[in-house]
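Predicted model and sequence follow; I will ask about them next.
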Amino acid sequence: MAVIPVALAGRGYDVHIGRGLLERTGALAGPLLRKRRVAVVADRNAWNLHGQRLEQGLREAGKDADVYLVEPGEGSKSWQSLSALTDWLLAREIERGDNVLALGGGVVGDLTGFAAAILKRGCGFIQLPTSLLAQVDSSVGGKTAINTAAGKNLIGAFHQPSMVLADLDALGTLPDRELRAGYAEVLKYGVLGDRVFFDWLTNHGPAVLALEDAPLEHAVATSVAMKAAIVAEDERETTGQRALLNLGHTFGHALEAETGFSDRLLHGEAVALGMVLAARYSARTGLMEATEAEAVAGSVRSAGLPSEIAQLRLDRDGGTLVDHMRHDKKMDAGTLPFVLLRGIGQAFLARDVALSDVALFLDEELRR
């Protein structure tokens, strides 16, 4: 088992990575669980698959699970779901010193984390991520949010978990498409800041996707360690360092919006395609070599992820996609910062990108 510390002044916590962790939840999180009955917010599918193991782990520590089930999908990150969940937690007399468990992928983690952030002005929560995407990205760092009609994750708060238990056994139940979507976030860490890790994934990516023990733990632990270091340096995204984690997301969120935040394009797939677009735009503007940009596209393609906008069959132009970007929460004083590349492993935040030029670039990509 790997243990990665997230070093925040007075609020640090550990991310545990390994197999069989759900069965050890009570032993590992016991000191944080004050009451016999423990509130568990779970994705319905995740509970059906892993709830028995979690209940066993709690029972061995003398705890019982009090479970609130959330329907799978982005639709559960809504005002209505948040209201229902907070009412449920209040009815169970959750106190500020308590910790709520969040079992599932990024949707449950985001919803539960936001509820914990606002319940009695802040109670604790523990992340039990069951998807690869959540284990390497959304469960670490304290970003919590819900969606609105105006866009994704526009209402939220920074609220760090008390602990993260990333059980690698849970990944064995993921559909292949969701596993590959999560791998996009693993690949992101190599592209944005670690050329050695990118090259390692080129050689070992198939083993990671095959869930082989050593490569899988190394990939998850390396990704979490990179995110933990960035979060410790720039927790609330004020210096620009944490913004590097948004590589692929500005392009990707526009594509998600255009496809209705639906199963037509999963979040990780959007990030993968967004990374390719960020690399190609960087090459188009002379920031990096075209061969490097195509190496990014090749790594995305070899992982079975979308690398061309044409694969989405969109009947739109670049201007329409840019219009979605204007609702991005990172928009500031009429400008939108983009994470671009000077090479693989050399991401930086560009604040002088003209959206009109991005629209032209996207027109070119739509015709590719």
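Ah, there it is.

Near the nearest residue to residue 88 once chain neighbours are set aside, how many other residues are there?
Counting by C-beta to C-beta, 6 or more residues apart in numbering, residue 88 lies nearest to residue 68, which is 5.2 Å off, once chain neighbours are set aside. (Glycine included, C-beta is placed from N, CA and C.) Residues lying near residue 68 (other C-beta atoms under 10 Å) number 18.

change the start of the numbering to 56 and stick with it
All right, first residue 56 from here; so that's residue 123.

so which strand or helix has residue 123?
strand 119-125 (DSSP states H and E).

Next secondary structure element downstream of that strand?
helix 134-146.

buried set for that following helix?
Applying a neighbour-count criterion of 16 or more other C-beta atoms under 10 Å, one finds 136, 137, 140, 141, 144 buried in helix 134-146.

ok, the nearest residue to the third one once chain neighbours are set aside - contacts?
Once its chain neighbours are removed from consideration, residue 140 has its nearest residue in residue 170; the separation is 4.9 Å (C-beta to C-beta, 6+ apart). Residue 170 makes contact with 96, 137, 140, 141, 144, 155 under the criterion C-beta atoms under 8 Å, 6 or more residues apart in numbering.

coming back round to it: what's the angle between the strand holding residue 123 and helix 134-146?
Orientation note: strand 119-125 sits at an angle of 160 degrees relative to helix 134-146 (axes from the mean of the first three to the mean of the last three C-alpha atoms, to 10 degrees).

strands paired with strand 119-125, and their directions?
strand 92-98 (parallel) (DSSP bridges).

ok now the partner strand, how far from the chain's centre?
21 Å (C-alpha atoms, centre = their mean, to the nearest Å).

before we move on, what about stretch 200-219?
That offset, for stretch 200-219, works out to 11 Å (C-alpha atoms, centre = their mean).

buried ones in that stretch?
200-202, 206-208, 210-211, 214-219.

Can you dump the C-alpha atoms of it in CSV for me?
Presented in CSV, the C-alpha positions along stretch 200-219 are these (Å, rounded to 0.1, in the frame of the first residue of the first chain):
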residue,chain,number,x,y,z
ALA,A,200,-19.3,21.4,-6.6
ILE,A,201,-22.7,20.9,-8.3
ASN,A,202,-23.8,21.7,-11.8
THR,A,203,-26.4,24.3,-12.9
ALA,A,204,-28.1,25.2,-16.2
ALA,A,205,-25.3,27.7,-16.8
GLY,A,206,-22.6,25.1,-16.7
LYS,A,207,-20.6,22.4,-14.9
ASN,A,208,-19.2,22.9,-11.4
LEU,A,209,-20.2,26.5,-11.2
ILE,A,210,-21.5,26.3,-7.6
GLY,A,211,-19.1,24.9,-5.1
ALA,A,212,-16.5,25.3,-2.4
PHE,A,213,-12.9,24.3,-1.5
HIS,A,214,-13.4,21.7,1.3
GLN,A,215,-10.6,19.2,1.9
PRO,A,216,-11.4,15.6,2.9
SER,A,217,-10.2,14.2,6.2
MET,A,218,-8.8,11.1,4.4
VAL,A,219,-8.9,9.3,1.0
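
pLDDT of it, averaged?
The average of the pLDDT scores along stretch 200-219 is 92.

same check, this time on stretch 385-398
For stretch 385-398, mean pLDDT is 88.

Distance from it to the middle of the chain?
On C-alpha atoms, centre = their mean, the centre of stretch 385-398 falls 19 Å from the chain's centre.

Flag every buried residue along it.
By 16+ other C-beta under 10 Å, the buried positions in stretch 385-398 come out as 385, 391, 392, 393, 394, 395, 396, 398.

Please list all residues in contact with residue 56.
71, 72, 73, 74, 76 are the contacts of residue 56 under C-beta under 8 Å, 6+ apart.

so what's the third one closest to, chain neighbours aside?
When the adjacent residues along the chain are set aside, residue 73 lies closest to residue 56, with 3.2 Å between them (C-beta to C-beta, 6+ apart).

how near is the one you found to residue 265?
According to C-beta to C-beta, to the nearest Å, residue 56 stands 20 Å off from residue 265.

What of residue 165?
For residue 165, the distance to residue 265 - C-beta to C-beta - is 29 Å.

before we move on, what about residue 335?
Using C-beta to C-beta, one gets 29 Å for the distance from residue 335 to residue 265.

my guess is residue 357 contacts residue 260, does it?
Yes - shown here, residue 357 and residue 260 form a contact pair, counting by C-beta atoms under 8 Å, at 7.0 Å.

the more surrounded of those two?
Higher neighbour count among residue 357 and residue 260: residue 260, with 20 against 13, using other C-beta under 10 Å.

What average pLDDT does the helix ranked longest in the chain get?
Across the chain, the longest stretch assigned as helix under DSSP state H is helix 268-288. On average, the pLDDT along helix 268-288 is 97.

helices or strands up against it?
Judged by 3 or more C-beta pairs under 8 Å, 6 or more residues apart in numbering; DSSP states H and E, helix 268-288 is in contact with strand 57-61, strand 68-73, helix 231-248, helix 250-264.

and the angle from whichever helix or strand comes after that helix to helix 231-248?
Using DSSP H and E, the helix or strand that follows helix 268-288 towards the C-terminus is helix 304-313. Following the same axes, to 10 degrees, one obtains 150 degrees for the angle between helix 304-313 and helix 231-248.

CA-only coordinates of helix 304-313, as PDB, when you get a sec.
Only the C-alpha atoms of helix 304-313 are listed here, as PDB (Å, rounded to 0.1, in the frame of the first residue of the first chain):
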ATOM      1  CA  HIS A 304     -10.400  20.900 -19.400                       C
ATOM      2  CA  THR A 305     -11.100  24.200 -21.200                       C
ATOM      3  CA  PHE A 306     -11.400  22.600 -24.600                       C
ATOM      4  CA  GLY A 307     -12.900  19.500 -22.900                       C
ATOM      5  CA  HIS A 308     -15.700  21.300 -21.000                       C
ATOM      6  CA  ALA A 309     -16.800  23.000 -24.200                       C
ATOM      7  CA  LEU A 310     -17.100  19.700 -25.900                       C
ATOM      8  CA  GLU A 311     -19.000  18.300 -22.900                       C
ATOM      9  CA  ALA A 312     -21.400  21.200 -23.000                       C
ATOM     10  CA  GLU A 313     -22.000  20.700 -26.700                       C
END
